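# From the sequence below, what's the structure:
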Amino acid sequence: MPKKPEPHAYSYANFSTGRSRGLLAGKYSCWEAQGAARDIFDTKIFMLINNYMKDRLPESNSMVHLTLFMVGQSPEKTKPTVMVVSDDKQLRKHAVKIIQSQHILIDYPGFELGHCGLEDEFKDLRLLGSDTGSLASSVQRESDEGGPNIGDKHEPSLAILSMLSAEACSFEIPDDRKPVRLHFNISLNSHSHKSASSTCGGVFLYRYGYYAIIMAHAIDPARTMLLLKPNDSPSESDDIEFTGIDESDEDDERDKEPGVTPEQDEDQFRSCESELSAGINNQDVVTNESPVSPVTYEDYNLDNYEDNSDAPETCERVGSIVSVDMQLDIAILKITPGLAKHFPVLPYSLEAYILGTWGGLNDHTPIPTSITVRTTHQSEIRGEGSISVFYTRLPGTSNFLKLYYATLNSPLRLGDSGSWVFDNHGGLIGFVVAGGSRTRSCLLLPRGPALRSACSLLRRRESHVS
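Numbers count the residues shown, from 1 in each chain. Below you'll find the predicted structure:
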């Protein structure tokens, strides 16, 4: 095997290295990627990787993340590193093998490739639907008992049919336009506090009715799983690997003197990547923010998210699921007439957002530095947005969603999926998808793709009805 090339900093490290993210896996200094490196990754490298991954990476019950970090001994000596993050070690190694076999990074000198476990980056990140039984299994039971049959393989999947059979109810509807905890059921007799639940952060007007966006994984909790249990720790074999970065790099770089020009650096990296391609491709590797107070896992147990001992016994029907976009992980809830007054309402109609009448839906606008999440248990959870984008493939899907990362000053809970996220001016910027209690981390689906998909789904539904 050829000798691993001597590592050097990326030519434009100074302009591409953002805020520190601490130590990755406890030993690699890591920073957010910005500037030229971030632009190249978002507009070119990710697009290439995503195109190859769609048909080649098997579906899994684990989340898979693609992101870009700057890794190195100091901000001046970092290299942009494409990271595949998942708790499924074999899956992420297979993803690395796909990227290497297609020589995707060879045209981008200085970019490295690595993979690590979810624990190394996110600790206890998980989807925030409730931990309950699957609606799909309930539909199957009804079918087995002589109820509605699902049909043949050419019809919609069991998961989609189960969602389209779901009704939403609430055991406590506030009168002051606050987020509402919804429970999803397929039968009038199955309504309970233990049924699948999610948060409805608010509603929007479309034509003459009101609708809400719900995270689909919360309606079908069989897709919701704890990716790494809080009491677990990564096994020694669940390692982290990079191309072009040795574990000794951190120590070695301290003894080196700078003196490599950007032109020499680029030439060296072109040579390095050629060597790496020859030696590796055949290997079997498959602003104004208040201080964030520390919260330990012992202070707050994510699984004990709600005390229903004093909750009302009866519920009120809120609406029903009318459309589903499984790849974007959203479902559209049609609100029962007369109940929209209890929810926060977007200031303009859905069509106005799509047409850009109010703020537009620019997907390239970064998440604000200061954000606020509104949940059913806390009116305002303040947090700090990040420029880091995590392209995430949710369990049971084949495409990568563009999700934004944020750190909050209070942990989210199970059932907070779908909560609305706002900027400092009270403008909606996205929806909560996943979070963690120990790290107070949060992944957000930006409003642009969610609202566009909602509009497309409702227009398609109109055409079918008419």
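# Break down this structure into its helices, ranges please.
Taking DSSP state H, the helices of the chain run over residues 13-16, 35-40, 46-56, 89-101, 118-121, 135-144, 158-164, 216-219, 249-254, 262-280, 350-354, 447-465.
# Just the buried residues of stretch 50-70, please?
53, 57, 60, 62-70 (16 or more other Cβ atoms under 10 Å). Where you see a C-beta, it was placed from the backbone N, CA and C, and this is true even at glycine.
# so what's Ser398 scoring on pLDDT?
With respect to pLDDT, Ser398 scores 82.
# Asp120 too?
For Asp120, pLDDT reads 67.
# again, but for the one 10 residues further on
Ser130 is assigned a pLDDT of 67 by the prediction.
# still on that earlier bit, from the buried residues of stretch 50-70, which has minimum pLDDT?
Ser60 (83).
# contacting residues around that residue?
86, 88, 91, 395 (Cβ atoms under 8 Å, 6 or more residues apart in numbering).
# cutoff 10 Å now
By Cβ atoms under 10 Å, 6 or more residues apart in numbering, Ser60 lies in contact with 86-88, 90-92, 94, 393-397.
# Restricted to buried residues, select those residues in ChimeraX.
If you want just the buried ones from the contacts of Ser60 in ChimeraX, going by 16+ other Cβ under 10 Å, the selection is:
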select :86,87,88,91,92,94,393,394,395,396,397
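# re earlier: which two from the buried residues of stretch 50-70 end up farthest apart in space?
Ser60 and Met70 (27.8 Å; Cβ to Cβ).
# now the strands for the stretch 301-450 of the chain?
Per DSSP state E, counting those that start in this stretch, the stretch 301-450 of the chain carries strands over the ranges 316-325, 330-335, 370-374, 381-393, 401-408, 420-422, 428-435, 441-446.
# May I see those arranged in JSON lines, with mean pLDDT and distance to Val345 as well?
Formatted as JSON lines, the strands of the stretch 301-450 of the chain follow (pLDDT from 0 to 100; distance: least, Cβ to Cβ, whole Å):
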{"stretch": "strand 316-325", "mean pLDDT": "92", "distance to Val345": "14"}
{"stretch": "strand 330-335", "mean pLDDT": "95", "distance to Val345": "10"}
{"stretch": "strand 370-374", "mean pLDDT": "94", "distance to Val345": "14"}
{"stretch": "strand 381-393", "mean pLDDT": "90", "distance to Val345": "21"}
{"stretch": "strand 401-408", "mean pLDDT": "92", "distance to Val345": "24"}
{"stretch": "strand 420-422", "mean pLDDT": "95", "distance to Val345": "11"}
{"stretch": "strand 428-435", "mean pLDDT": "93", "distance to Val345": "11"}
{"stretch": "strand 441-446", "mean pLDDT": "92", "distance to Val345": "20"}
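# okay if I get the ones you listed as CSV plus distance to Leu23?
Formatted as CSV, the strands of the stretch 301-450 of the chain follow (distance: least, Cβ to Cβ, whole Å):
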stretch, distance to Leu23
strand 316-325, 37
strand 330-335, 35
strand 370-374, 25
strand 381-393, 16
strand 401-408, 16
strand 420-422, 28
strand 428-435, 22
strand 441-446, 16
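# of all those, which lies closest to Leu127?
Using Cβ to Cβ, these put strand 428-435 closest to Leu127, at 5.1 Å.
# between the closest one and strand 381-393, how many degrees?
Angle, strand 428-435 to strand 381-393, by axes from the mean of the first three to the mean of the last three Cα atoms, to 10 degrees: 70 degrees.
# Give me the distance between the closest residue to Thr407 other than its chain neighbours and Ser441.
Distances taken as Cβ to Cβ, 6 or more residues apart in numbering put Glu384 closest to Thr407, at 5.2 Å, once the chain neighbours are dropped. The gap separating Glu384 from Ser441 is 11 Å, by Cβ to Cβ, to the nearest Å.
# shared neighbours, those two?
405-408.
# wait, what's in contact with the residue nearest to Asp42 when sequence neighbours are not counted?
Spatial nearest neighbour of Asp42, excluding adjacent residues (Cβ to Cβ, 6+ apart): Val389 at 6.6 Å. Applying Cβ under 10 Å, 6+ apart, we find Val389 in contact with 32-33, 38, 41-42, 46, 66-68, 366-367, 402-405, 446.
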